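**Q** Attaching a predicted model along with its sequence, questions to come.
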Amino acid sequence: MCIVGAKYLKSFGWVLVKNRDQDYISDVTFQDQNDPTVGEIMCLYDHNTHYREGMNQDGLTIITTSLSPILTAETDSKDGDVIHSALHKSSPEEAAKFLISKKITGFIFIANPDKLILIEAAKENQGKGDYKFTQRLISKKETIVRTNHGIDLPWAGFQYGYTEEQDLRRKSSEKRLKYAEIALKKANDPVSMMDAFASKMDDDLQMNLFRVGKDRQMRTIFQWALVPSEDTVYIRPIQSKIKLKIDQERIKMKLIDNEGIRKIYNGKIKHFARIIRQGNE
């Protein structure tokens, strides 16, 4: 399960960072496409789940983390289509209104350089009941992090007392939230925010901010940071097969070295992504 953080930096405006955690080795494409309404949209596309999120050339940025307590009940394919449609909007307010109308769930971060809206949305009764949401404008003085348990909706996401597995996931969600809030305090640029999310802060690597897994355990498959003011995304591959199809005419991509990750977690990460640079990349 993923973790998302956001921080307003004077030199950059709002910056969003994410560890995408899954229990499989993913096949992901980062691709920009021209669009007649907003000019250009850059999305990640997960070929396993068909999930999408990203940024348009006006700086509208949308990324999420899940509040589904039952992994098999996640609707990444549907959510990806809805998020892609929302990236055709011109403002965070317009995108937020659209996403709520489609009853998308999770923590949804919607930003441009100057504004960040956070939606927290879930269905009651462990994902089977009525749709509920909160929406708020985040102050530029606030560093905000979300994992996989409800804050404004305390009954949402992973909860204690249902299954042993959900108990462990709730414990991990709480620990990762605490660690991320600590780690982001000193970060002052997009890469240092990614580095903060790569910190080893717990010997139990399923409770750690950066997750390393065995078999079907959760693991961080890649990191990325999105900077609307620069029309730029920073991508760090970890345990994933990644294709980059970005012409960089408007939205730029910066591939971040993952060697520091290898050193921190020496010998613990299998299927570690190789970075192969071509041309002027």
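**A** Structure received.
**Q** What is the end-to-end distance of stretch 141-159?
**A** End-to-end span of stretch 141-159 (C-alpha to C-alpha, to the nearest Å): 30 Å.
**Q** What lies in contact with that stretch?
**A** With C-beta atoms under 8 Å, 6 or more residues apart in numbering as the test, stretch 141-159 has contacts from 1-8, 65-69, 107, 109, 116, 118, 120-122, 124, 126, 132-134, 136, 138, 166, 169-170, 172-174, 176-177, 180-181, 184-185. Bear in mind the C-beta positions are built from the backbone N, C-alpha and C, glycine included.
**Q** Lowest average confidence across helices and strands of this structure, where is it?
**A** Within the chain, no helix or strand scores below strand 240-245, which has a mean of 85 by mean pLDDT, DSSP states H and E.
**Q** by contact count, what packs against the next helix or strand after that strand?
**A** The element immediately downstream of strand 240-245 (helix or strand, assigned by DSSP states H and E) is strand 252-255. Secondary-structure packing of strand 252-255 (3 or more C-beta pairs under 8 Å, 6 or more residues apart in numbering; DSSP states H and E): strand 232-237.
**Q** List the contacts of the strand it packs on.
**A** Outside strand 232-237, the residues that touch it by C-beta under 8 Å, 6+ apart are 30, 42, 54-55, 190-191, 194, 222-227, 242, 244, 251-258, 261, 273, 275.
**Q** Give the PyMOL command for selecting the buried subset of these.
**A** Buried members of the contacts of strand 232-237, identified by 16 or more other C-beta atoms under 10 Å, are gathered into one PyMOL selection as follows:
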select buried, resi 30+42+54+55+190+191+194+222+223+224+225+226+227+242+244+251+252+253+254+255+256+258+261+273
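**Q** Which parts of this structure are strands?
**A** Taking DSSP state E as the test, the strands found in the chain are 3-9, 13-22, 26-35, 39-46, 52-56, 61-65, 106-111, 116-123, 131-137, 144-146, 219-227, 232-237, 240-245, 252-255.
**Q** Nearest to residue 266, out of these?
**A** Checking these against residue 266 by C-beta to C-beta gives strand 219-227 as the closest, at 15.5 Å.
**Q** Narrow the contacts of stretch 141-159 to just the buried residues.
**A** 1-8, 65-69, 107, 109, 116, 118, 120-122, 126, 132-133, 138, 166, 169-170, 172-174, 176-177, 180, 184.
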